[in-house]
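# Starting from these lines, generate the structure:
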Amino acid sequence: MKNLFVGNMSFQTMESELRSIFEPYGELARVNVVTDRDTG
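Take a look at the predicted model:
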């Protein structure tokens, strides 16, 4: 399993948006979207 960090995204970014961008390059086992600036 590989990890990819993508920073500087809006806190309103949705998992489905990231999947649609990155899945053409391979299957995504898990997507972790940080939605709270304080707690991560």
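# now the helices: where do they sit in the chain?
Along the chain, counting by DSSP state H, helices occupy 15-22.
# Backbone dihedrals for the residue sitting furthest away from the middle of it, both of them.
Distance from the centre of the chain peaks at D38, with 17.6 Å (Cα atoms, centre = their mean). Dihedral pair for D38: phi -80, psi -40, per degrees, to the nearest 10.
# Repeat that for R30.
Taking degrees, to the nearest 10, you get phi -150, psi 140 for the backbone angles of R30.
# Just the local confidence number for it, please.
pLDDT for R30: 92.
# Any idea how many residues pack against it?
Neighbourhood size, R30 [other Cβ atoms under 10 Å]: 7. C-beta here means a position set from N, CA and C on the backbone, and glycine is covered the same way.
# follow-up on the earlier one: and the pLDDT for the residue farthest from the centre of the chain?
So D38 comes in at 84 (pLDDT).
# Report the contact partners of F22.
Applying Cβ atoms under 8 Å, 6 or more residues apart in numbering, we find F22 in contact with 4, 28.
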